[in-house]
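> Output the structure for:
(chains A and B)
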Number of protein chains: 2
Amino acid sequence: MKTKLTGLVAGIYIGQHRYTIESSRVPYLKTTFEGFEGDLHAGLARLSDVRVPHYPRGTVIRNTRQFSMLSVEELAEIAHAMQIPEVLPEWAGANLAMQGIANLTMLPPSTRIFFPGEAVLVVDAENMPCTGPGEVIQQHYPDVPKLLQRFPKAAMHKRGVVGWVEREGYMAEGDTVWLLLPPKVSYSY
Amino acid sequence: MKTKLTGLVAGIYIGQHRYTIESSRVPYLKTTFEGFEGDLHAGLARLSDVRVPHYPRGTVIRNTRQFSMLSVEELAEIAHAMQIPEVLPEWAGANLAMQGIANLTMLPPSTRIFFPGEAVLVVDAENMPCTGPGEVIQQHYPDVPKLLQRFPKAAMHKRGVVGWVEREGYMAEGDTVWLLLPPKVSYSY
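Below is the predicted model of the structure:
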C-alpha cells in the first residue's frame, strides 16, 4: 500500500527586490489567488517571457509562476556538484524550501500541496535553471571560480518547480504538508 | 521525429441553464481569464464539490473547471458501447468537441491547446463520468432501457478533460489547434 506523501516546510521566502533574484526569509505567509502576499511574482496574470517561448514575448497570460519551491536535499546535491559548502534557498530566489519530499523537481504538473493553514498550491512545471542564482552564489563565494557558469548544469532537474495558489490560506515554517499527485497517465499518439 | 499534435474544432458549446447539463452550440466564442464567455462555469474561483473530495464541500478554490472538452471519436465509442446511434457533445454538457486528437481523455495535466484566434487552454484533469449526461441521453432515446445507468461505465476514460484559460482570445468552429504536451515525467517515491 502506498503511504501518503508528506513533507516539511524548511523555509518560506519572498522576493521583494527587482535588482536581485535573492529572496528574504519570513516565518509565515498568507497566500491569495494572486500568489504569495508581498512577493514580486504575485498576480493573476503576467507577461510572457523567455520561459514560455510558445508565446510572443510580452503576451498577457495567466500567471502559473506565482511561486517557486525547491528541496533542501536537492540544493545540497547542487552544492556538492559545485564543490561549495552550501546553496541557500534564498540564493535561488525560492519561495519555499521543503524537506523530505524525494525528487521534488520531478513532481508532475497538477500535484496539489496541502498546508495545515488551509493554503493549497498546485505545481505547474519544473523550474529550469537560469544563470540568476549562479550570480548570487558567486557573490557568496567570490574566491571560487566560474560558479555562475557552473550553476545551470549542476542544477538541472534539481531546481524545483513553479506553480500557483488553488486555495487561499496561510503557511508557516515547520508546517507538515501533504501532497496529492494526479493519476498516472501515459499519453501516446 | 515526433510530428506536431493538432486537432480540429468540431463544435463549440456553452452551458446556459442550471436545470440541465445540456449545452448549446455556438459558431464562435470569446475566452477570458474567467473562462468561456456566457458559460455558467465561468469564474476565477468556484465552490468545491463532490469532484474534489480533498476539500470541505463549499470551499472557495481556484476554478480549474472553466471548460470541458471531449473527442467526437471517443463519443462515438461511448455511443457504440451503449448501443445507440450517437451521443452529441451537448448532451454531455461539453464546451468543446474536438476531432483528430487520439486518446484526448488521456491528455496529461498541463497540456496547452493553442487556437488561431489567440485563445490558449490548459488541461487540468480528466473529467470523470457522472450520471448527468446519462439523463439527457435517456431523454433522447426514451425507448432504450437503462441508458442513464449505462453511461458512466461506457464513458469511463472517454469523457474528455476539464481545464482553464491561460490566454484570452477567440475560437471558432473549424479552427485547427495545436497542442503542447508537458515533458514526460515519471515520479516515484
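> so where's chain A shaky on pLDDT?
Residues of chain A meeting the criterion pLDDT under 70: A:1-3, A:189.
> residues from it in reach of chain B?
Counting by Cβ under 8 Å from any Cβ of the partner chain, the positions of chain A adjacent to chain B are A:5, A:33, A:44-45, A:54-55, A:59-62, A:64, A:101-103, A:106-110, A:112, A:114, A:120, A:122, A:124-126, A:164-168, A:180-183, A:185-189. Backbone N, C-alpha and C define where each C-beta goes, glycine included.
> what's the closest non-adjacent residue to A:His17?
Counting by Cβ to Cβ, 6 or more residues apart in numbering or on different chains, A:His17 lies nearest to A:Leu40, which is 7.7 Å off, once chain neighbours are set aside.
> Look up how far chain B lies from that neighbour.
20 Å (Cβ to the nearest Cβ, to the nearest Å).
> Repeat that for A:Leu29.
Distance, A:Leu29 to chain B, using Cβ to the nearest Cβ: 18 Å.
> my guess is that residue meets A:Ile12, correct?
Yes - taking Cβ atoms under 8 Å as the definition, A:Leu29 is a contact partner of A:Ile12 at 5.1 Å.
> can you list residues touching both of these two?
The contact sets of A:Leu29 and A:Ile12 overlap at A:Met171, A:Ala172 (Cβ atoms under 8 Å, 6 or more residues apart in numbering or on different chains).
> ok so, going back, let's verify the residue nearest to A:His17: helix, strand, or coil?
Three-state call for A:Leu40 (DSSP: H, G, I helix; E, B strand; the rest coil): coil.
> How about the contacts made by it?
By Cβ under 8 Å, 6+ apart, A:Leu40 lies in contact with A:Ile14, A:Gly15, A:Gln16, A:His17, A:Arg18.
> could you flag which of these are buried?
The neighbour-count test (16 or more other Cβ atoms under 10 Å in any protein chain shown) marks A:Ile14, A:Gly15 as buried among the contacts of A:Leu40.
> Which one of the contacts of A:Leu40 is nearest to chain B?
Taking Cβ to the nearest Cβ as the measure, chain B lies nearest A:Ile14 of these, at 20.5 Å.
> List the contacts of that closest one.
A:Ser23, A:Ser24, A:Val26, A:Leu29, A:Phe36, A:Gly38, A:Asp39, A:Leu40, A:Asn95.
> Which of those are buried? Put it as a PyMOL command.
Buried residues among the contacts of A:Ile14 (16+ other Cβ under 10 Å), as a PyMOL selection:
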select buried, chain A and resi 23+26+29+36+39+95
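> Can I get the contacts of A:Ile14 in a markdown table including distance to B:Ile84?
As requested, the contacts of A:Ile14 are exported to a markdown table (distance: Cβ to Cβ, whole Å):
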| residue | distance to B:Ile84 |
| --- | --- |
| A:Ser23 | 58 |
| A:Ser24 | 62 |
| A:Val26 | 59 |
| A:Leu29 | 53 |
| A:Phe36 | 51 |
| A:Gly38 | 56 |
| A:Asp39 | 53 |
| A:Leu40 | 55 |
| A:Asn95 | 52 |
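> In chain A, mark out all the strands, start to finish.
In chain A, the strands defined using DSSP state E lie at A:6-14, A:24-26, A:28-32, A:35-36, A:45-47, A:60-62, A:67-71, A:96-99, A:112-114, A:120-126, A:161-167, A:169-172, A:176-180.
> residues in contact with the fifth one?
Just to be clear, that refers to strand A:45-47. Residues from elsewhere that reach strand A:45-47, judged by Cβ under 8 Å, 6+ apart: A:Arg57, A:Gly58, A:Thr59, A:Val60, A:Ile61, A:Arg62, A:Asn63, A:Arg65, B:Phe33.
> so what's the first one up against?
Right, the one you point to is A:Arg57. Contacts for A:Arg57 (Cβ under 8 Å, 6+ apart) come out as A:Leu47, A:Ser48, A:Asp49, A:Val50.
> Weed out the non-buried ones from the residues you listed.
A:Ser48.
> The nearest residue to A:Val26 once chain neighbours are set aside and B:Leu180, how far apart?
Closest residue to A:Val26 apart from its sequence neighbours, by Cβ to Cβ, 6+ apart: A:Ile12 at 5.4 Å. To B:Leu180, A:Ile12 is 32 Å away according to Cβ to Cβ, to the nearest Å.
> neighbour-wise, which of the two wins?
Applying other Cβ atoms under 10 Å in any protein chain shown to A:Ile12 and B:Leu180 shows that A:Ile12 carries more neighbours, namely 24 against 15.
> Who is that one paired with across the strands?
A:Val26, A:Leu96 (DSSP bridges).
> Contact partners for it?
A:Arg25, A:Val26, A:Pro27, A:Tyr28, A:Leu29, A:Asn95, A:Leu96, A:Ala97, A:Met171, A:Ala172, A:Glu173.
> returning to that earlier point: need the contacts of strand A:45-47 in CSV with distance to A:Glu135, can you?
Conversion of these to CSV gives the following (distance: Cβ to Cβ, whole Å):
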residue, distance to A:Glu135
A:Arg57, 22
A:Gly58, 24
A:Thr59, 27
A:Val60, 28
A:Ile61, 27
A:Arg62, 29
A:Asn63, 24
A:Arg65, 19
B:Phe33, 34
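> List just the nearest of these to A:Glu86.
Among the contacts of strand A:45-47, A:Arg65 lies closest to A:Glu86 (Cβ to Cβ), at 25.4 Å.
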